[in-house]
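*Asks:* Below are the sequence and a predicted model; questions follow.
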Amino acid sequence: MAGRILHVTYDGLLEPLGASQVVPYVEALAADGFALDVLSFEKRADLVDHARRSATAARLAAAGVPWTARRWHARPVVPATAWDVATGTLAAVGQRPSVVHARGYVAASIGLAVRRATGAALLFDMRGFWVDERVEAGIWAPGAAVVRAARRLERLLLASADAVVVLTARAAAELKARTASRCAAPVHVVPTCVDLTRFRPAGDRARARAALGLRTGPVVVHAGTLASWYLAEATFAIGAAFARLTGGTFLVLTRDRARAAGLATRLAPEAVVHTAAPEDVPRWLAACDAGLAAVRPDPAKRASAPTKLAEYLACGLAVATTRGVGDLDVQLAGADVAVTFDADAEPGGVARRLAAAATRPDRVRAARGLAGRLFALERGTAAYGAIYRALGATPSAPARLAEGA
């Protein structure tokens, strides 16, 4: 069967993560000939940004991908999420897909209902160990009713899925050990990937910095949230040490402006805190020299593949990240443009190592090459395309080829 694939994501396409990790994939898979629809849940603040919403809709329409954007509800948490699942299920069943690609647990709840109602195949794109993450981040109390319910949901989804995707080999091994008797579906590893045509080095980094109002000298950046499992204080301490050591700038690109401002006051008064729209992030990263991804290496983070790290490397940046996160210890081993460090490492020492990596004459070429080998979007879309085919969805003549015929 050819059939249509419904991509359901609880991360909004208008959020940085959705813009980076959903839109490029569906564009590329549509260009490979797959018939895709997207159902997303968007935060109210994003939905009222009519210019960005229209631009995203136009971008997907140009790729031939219909997009249904539903409102994401936050409070009270359990009833709000149940409402989103119920209304999302109604919308999804009406589309009669042959495959549901569900990104995350809430989306997979919708996908499971669609599977039961229509017989569609279910691809459970776990991303990570969501329940473990929320417990370890202190969002849910261990043993709470919501945790028990979420564990039951996890087991049900793994038992019902026709295919499962995780981000790391460590997660795949642990998942198989945990669920040997319950998860019969094949488990695939597809790391977070980056569009190397959008995230690329600046031709003239000094000019790029000047255009953004950044002073001369090396720039180290943290991009994204500072909440939950990110080591925010360590990030600011290392960033400030790097700026002092090099005479450069510590840049923080985040929506968490209030939290960033408080940390800057205490730890890095000269930090530049800025909020960039997702489409502007590549331009800001291209003006930098080094990137930070200081993640608390909790057990659940074995399943994590930080999106920002792939984007840093694609823009030619040296990177520093904590040990014990996902497959990074293996992937970055021996890379002269990558620094790994323990969560309790002395910030000045990490900054010195990162500054040395950032000033290597071959840094841009080496970082870009590492991104291409490990995290190129083409690798991710090829993996998803193979899974779609295994689930019975066959592409028509690829749009890229048809246009050139």
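*Replies:* All right, it came through fine. Numbers count the residues shown, from 1 in each chain.
*Asks:* Can you give me the domain boundaries for the protein?
*Replies:* 5-193+377-404, 205-375 (automatic domain parsing).
*Asks:* Most tightly packed of these?
*Replies:* domain 205-375 (a mean of 20; mean count of other CB atoms under 10 Å). Placement of C-beta: from N, CA and C, glycine included.
*Asks:* What are the boundaries of the strands in the stretch 51-200 of the chain?
*Replies:* Assigned strands in the stretch 51-200 of the chain, in chain order: 67-71, 99-103, 121-127, 163-166, 187-189 (criterion: DSSP state E, counting those that start in this stretch).
*Asks:* and Thr87, which of those strands is closest to it?
*Replies:* strand 67-71 (6.5 Å; CB to CB).
*Asks:* Now the closest one: average pLDDT?
*Replies:* When pLDDT is averaged over strand 67-71, the result is 96.
*Asks:* before we move on, back to that, distance to Ala367 added to the strands of the stretch 51-200 of the chain, as JSON lines?
*Replies:* Shown next, in JSON lines, are these (distance: least, CB to CB, whole Å):
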{"stretch": "strand 67-71", "distance to Ala367": "33"}
{"stretch": "strand 99-103", "distance to Ala367": "28"}
{"stretch": "strand 121-127", "distance to Ala367": "25"}
{"stretch": "strand 163-166", "distance to Ala367": "25"}
{"stretch": "strand 187-189", "distance to Ala367": "23"}
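*Asks:* quick one, what contacts Gln95?
*Replies:* Applying CB atoms under 8 Å, 6 or more residues apart in numbering, we find Gln95 in contact with Arg4, Leu6, Asp37, Leu39.
*Asks:* 6 Å instead?
*Replies:* Contacts for Gln95 (CB atoms under 6 Å, 6 or more residues apart in numbering) come out as Leu6, Asp37.
*Asks:* so what pLDDT did it get?
*Replies:* At Gln95, the model reports a pLDDT of 92.
*Asks:* right, so of the strands of the stretch 51-200 of the chain, which gets closest to Tyr10?
*Replies:* Nearest to Tyr10, of all the strands of the stretch 51-200 of the chain, is strand 99-103, at 7.0 Å by CB to CB.
*Asks:* what's the distance between that closest one and the middle of its chain?
*Replies:* 16 Å (CA atoms, centre = their mean, to the nearest Å).
*Asks:* does Thr322 really touch Pro297, like I thought?
*Replies:* Yes. The pair Thr322 and Pro297 qualifies as a contact (CB atoms under 6 Å) at a distance of 5.3 Å.
*Asks:* can you map out the strands along the stretch 201-350 of the chain?
*Replies:* Under DSSP E, counting those that start in this stretch, the stretch 201-350 of the chain gives strands at 219-223, 249-253, 272-274, 290-293, 318-322, 338-341.
*Asks:* need these in JSON lines with distance to Trp83 and mean pLDDT, can you?
*Replies:* Converted to JSON lines, those look like this (distance: least, CB to CB, whole Å; pLDDT from 0 to 100):
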{"stretch": "strand 219-223", "distance to Trp83": "32", "mean pLDDT": "97"}
{"stretch": "strand 249-253", "distance to Trp83": "33", "mean pLDDT": "98"}
{"stretch": "strand 272-274", "distance to Trp83": "35", "mean pLDDT": "96"}
{"stretch": "strand 290-293", "distance to Trp83": "34", "mean pLDDT": "98"}
{"stretch": "strand 318-322", "distance to Trp83": "37", "mean pLDDT": "98"}
{"stretch": "strand 338-341", "distance to Trp83": "42", "mean pLDDT": "98"}
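*Asks:* I'd like those strands laid out as a markdown table, including distance to Val106.
*Replies:* Converted to a markdown table, the strands of the stretch 201-350 of the chain look like this (distance: least, CB to CB, whole Å):
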| stretch | distance to Val106 |
| --- | --- |
| strand 219-223 | 25 |
| strand 249-253 | 27 |
| strand 272-274 | 30 |
| strand 290-293 | 25 |
| strand 318-322 | 28 |
| strand 338-341 | 32 |
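*Asks:* For Ala355, which of the ones you listed is the nearest?
*Replies:* When the strands of the stretch 201-350 of the chain are compared (using CB to CB), the closest one is strand 290-293, at 7.5 Å.
*Asks:* and that closest one, which strands flank it?
*Replies:* strand 219-223 (parallel), strand 318-322 (parallel) (DSSP bridges).
*Asks:* got the angle for the first one vs strand 249-253?
*Replies:* Read it as strand 219-223. With axes from the mean of the first three to the mean of the last three CA atoms, to 10 degrees as the basis, strand 219-223 and strand 249-253 are set at 20 degrees to each other.
*Asks:* Same question for the last one.
*Replies:* For strand 318-322 and strand 249-253, the angle between their directions (the same axes, to 10 degrees) works out to 70 degrees.
*Asks:* and strand 318-322, how far out from the chain's middle?
*Replies:* The gap between where strand 318-322 is centred and where its chain is centred comes out at 17 Å by CA atoms, centre = their mean.
*Asks:* Tell me which residues are up against it.
*Replies:* 290-295, 297, 309, 312, 328, 337-340, 343, 350, 354, 357-358, 363.
*Asks:* go with 8 Å
*Replies:* If you take CB under 8 Å, 6+ apart as the criterion, strand 318-322 is touched by 231, 238, 289-297, 306, 309, 312-313, 328, 332, 337-343, 350, 353-354, 357-358, 360, 363, 367.
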